[in-house]
Each structure stands twice: as C-alpha cells, then as structure tokens.
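# this one's structure only:
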C-alpha cells in the first residue's frame, strides 16, 4: 500500500474488538455492529497550512493508537482492507 495523506489528514486502520455478551458469548462478525472508534495510525500528512504559508505539524505519529469521532472519518478500501481517513480535528485522544 502506498497512500500518503495530504495536509492534516491521517490514515487510520480501525481496530475491531471482539464483542462478548455479559455471559461471555462471542458475537459473530455477521451481527450488525457500529463503526469502531479506535484505530492505529498508519500514515499522516505533513500538516495544515496557515494563510501565511506556515505548516502546523500533526500531533499524532505513525503507530499510535487513537480514539476518534465515530462518523467523521471517510471509509476507503485498499487491497480488500478497510481504512479510515480523518482530519486531525477528528482525533480525540491518543491511547497509551
């Protein structure tokens, strides 16, 4: 894969957690689930340009696990793998 985000966009691989009921039963993939809100940063753009031309660097780095808004990122598919592209403002936190 060779995707390089532009400006302040971030490429995220969503982390899909196995869902269990309270009694410990694993739910299959076929169950209608909501979109994940956690993911691993795969690539970042150079940063947002200000009106004066200065580039404001992105706060997250490749490899970090992040928490993002549920419905803002755009979904893309590359080589049958799903990714999300989000703006830096859609990233809520870094999970350590």
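All right, it came through fine. Given the structure is predicted, the values throughout are model-derived calculations rather than measurements.
# once you drop chain neighbours, what's closest to the spatially most central residue of the chain?
What sits nearest the mean C-alpha location of the chain, by Cα atoms, centre = their mean, is residue 12, with 3.1 Å. Taking Cβ to Cβ, 6 or more residues apart in numbering as the measure, residue 12 lies nearest to residue 39, with 3.8 Å between them; neighbours along the chain are not counted. (Each C-beta comes from the backbone N, C-alpha and C, glycine too.)
# same for the host helix or strand of the one you found, what does it pack against?
In this structure, residue 39 sits in strand 38-44 according to DSSP states H and E. Contacts of strand 38-44 with other secondary structure elements, assessed using 3 or more Cβ pairs under 8 Å, 6 or more residues apart in numbering; DSSP states H and E, are made with strand 9-14, strand 65-68.
# show me what contacts the residue nearest to residue 12?
Taking Cβ atoms under 8 Å, 6 or more residues apart in numbering as the contact definition, residue 39 lies against 12-15, 65-66, 68, 84.
# drop anything exposed from these.
Among the contacts of residue 39, those scoring as buried are 12, 14, 66, 68, 84 (criterion: 16 or more other Cβ atoms under 10 Å).
# okay, and the beta partners of residue 68?
With DSSP bridges applied, the residues forming beta bridges to residue 68 are residue 91.
# ok, it touching residue 86?
Yes. Taking contact to mean Cβ atoms under 8 Å, the distance of 5.5 Å between residue 68 and residue 86 places them in contact.
# if we can go back for a sec, so the residue nearest to the centre of the chain bridges to which residues?
Bridge pairing for residue 12 (DSSP bridges) gives the partners residue 41, residue 84.
# the residue of the chain most remote from its centre: which element?
Note on the chain: the largest separation between a C-alpha and the mean C-alpha position, by Cα atoms, centre = their mean, falls on residue 23 (30.3 Å). When secondary structure is defined using DSSP H and E, no element contains residue 23, which sits outside every helix and strand.
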